[in-house]
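>>> quick one, structure for this:
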Amino acid sequence: MKLAAIDIGSNAVRLQIVRTVENDPLEKFKKIEFVRIPVRLGDDAFKEKKISKEKRKVFYKSMSAFKLMLDAFEVDHYLACATSAMREAKNGQKIIDKVYEKFGLEISIIDGHRESELILKSISNFFEPKKNYLTIDVGGGSTEMAIIKNKKLINWVSFDIGTVRLMDGAVKEKTWQTMESWVKHKTAGIKDISSVVTSGTINKIFTIINENSNQNYFTRDQLRSFHRKVIKMSVSERIEQLKLNPDRADIIDVSADIYLRILNWAQINHVYSPSDTGLKDGILNELFERYYER
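The predicted structure is shown next:
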């Protein structure tokens, strides 16, 4: 069976196609194809509250290409989810309707809690019994967090704080204060709490920090050192020296800053960044549960 996830974010759109693996408890999927297109919908959505004609053109081309790939690879089931930028843009639903009309591609605009739910599906196997975690996913337009105790979900939340939104000057001070209060209140009194982080940018930061190490985690101090280093670099230096794509090079310092603030508020030192985690991976896990395990 072939499954596909489409993640329409604020900084990029992504398509991942996989084949289910039978009789292997350690591996559900075999990757077939992954495509990431840097369509920064958040710039329009957060500043102008609508997606511009120029961005719509690029987005329609991207969705046309994704639909052709779904057909070419003969995908059995797919799920396409649009997050912060589309749910905030006044013409978001109209654009989604147009995609279905033009290409027959169904897309759902999901809220922050649904986004959190799907992200958690991508990391649920990582949690160990009798351990406590704060999960953090910083995207282009929002940040999703959850408290996990003894493999059980205790609380989750979504805030309108993200890398693109912050760069666009569209984050309210009140939102920062609310997020700080939530983190401090929900993690207070929890002993030996670690963090599990997701998103492509933090995965890249993890890879850079542990370039010469076999550690499966990084520390808050290591992230702080990375942040101090990267804010002194120009975007072109980040592209050349850190081997980053341009659309990631200009936000990596902002992403590190958001994660660092949260880790400081929660006084968390150990941070795990499992591979193949995030919204698209959560979507694939949900499709697997829906169509393969029934």
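>>> flag every buried residue along the host helix or strand of residue 98.
Taking DSSP states H and E as the criterion, the element that holds residue 98 is helix 92-103. For helix 92-103, a neighbour-count test (16 or more other C-beta atoms under 10 Å) marks 92, 95-96, 99, 103 as buried. C-beta here means a position set from N, CA and C on the backbone, and glycine is covered the same way.
>>> can you tell me the closest non-neighbouring residue to residue 11?
With sequence-adjacent residues excluded and distances taken as C-beta to C-beta, 6 or more residues apart in numbering, residue 11 is closest to residue 140, at 3.6 Å.
>>> and the one you found, how far is that from residue 94?
Taking C-beta to C-beta, to the nearest Å as the criterion, residue 140 is separated from residue 94 by 21 Å.
>>> what number of residues are in the vicinity of residue 49?
The local packing of residue 49 (other C-beta atoms under 10 Å) involves 13 other residues.
>>> so the nearest residue to it once chain neighbours are set aside versus residue 45, what's the distance?
Counting by C-beta to C-beta, 6+ apart, the nearest residue to residue 49 once its immediate chain neighbours are dropped is residue 90, at 5.4 Å. Here residue 90 is placed at a distance of 9 Å from residue 45 (C-beta to C-beta).
>>> looking at these two, which is more packed in?
Counted by other C-beta under 10 Å, residue 90 and residue 45 do not tie: residue 45 has more neighbours, with 29 against 11.
>>> follow-up on the earlier one: am I right that the residue nearest to residue 11 is in a strand?
No: counting by DSSP: H, G, I helix; E, B strand; the rest coil, residue 140 is not found in a strand; it is coil.
>>> wait, it sits on residue 10?
Yes: taking C-beta atoms under 8 Å as the contact criterion, residue 140 and residue 10 are neighbours in contact, 2.9 Å apart.
>>> which of the two has more residues huddled nearby?
residue 140 (30 against 27).
>>> circling back to that earlier point, the residue nearest to residue 49: what secondary structure?
Secondary structure, three-state DSSP: residue 90 is coil.
>>> any idea of the pLDDT on it?
Taken from the predicted model, the pLDDT recorded for residue 90 is 97.
>>> my read: it touches residue 50, true?
Yes: look at residue 90 against residue 50 with C-beta under 8 Å: they come within range, at 4.8 Å.
>>> quick one: residues in contact with the strand or helix carrying residue 147.
Per DSSP H and E: residue 147 is located in strand 143-149. With contact meaning C-beta atoms under 8 Å, 6 or more residues apart in numbering, strand 143-149 is reached by 112, 115-116, 119-120, 127, 132-137, 153-159, 161-162, 179, 182-183, 186-187, 190, 196, 258, 262.
>>> mark which of those are buried, thanks.
Buried members of these, scored by 16+ other C-beta under 10 Å, are 112, 115-116, 119-120, 127, 132-137, 156-159, 161-162, 179, 182-183, 186-187, 190, 196, 258, 262.
>>> show me how far stretch 208-221 is from its chain's centre.
The chain centroid and the centroid of stretch 208-221 are separated by 20 Å under C-alpha atoms, centre = their mean, to the nearest Å.
>>> quick check: beta-bridge partners of the residue nearest to residue 134 when sequence neighbours are not counted?
Using C-beta to C-beta, 6+ apart and skipping residues adjacent in sequence, the residue nearest residue 134 is residue 195, 4.9 Å away. Residues found in beta-bridge contact with residue 195 (criterion: DSSP bridges) are residue 134, residue 271.
>>> quick check: residue 195 touching residue 136?
Yes: when contacts are counted by C-beta under 8 Å, residue 195 is listed as touching residue 136 (6.0 Å).
>>> which neighbours do the two share?
Here residue 195 and residue 136 share the contacting residues residue 262, scored by C-beta under 8 Å, 6+ apart.
>>> can you list the domains in this structure?
With automatic domain parsing as the criterion, the domains of the chain are listed as 2-112, 126-272.
>>> of the ones you listed, which is nearest residue 284?
Comparison of the domains of the chain against residue 284 by C-beta to C-beta identifies domain 2-112 as nearest, at 4.9 Å.
>>> any low-confidence regions in the protein?
With pLDDT under 70 as the threshold, the chain has low-confidence stretches at 25, 293-294.
>>> tell me which residue lies nearest the centroid of it.
Centrality entry for the chain: nearest residue to the mean C-alpha point is residue 199, 3.8 Å, by C-alpha atoms, centre = their mean.
>>> that one and residue 122: what is the separation?
Taken as C-beta to C-beta, the spacing of residue 199 relative to residue 122 amounts to 11 Å.
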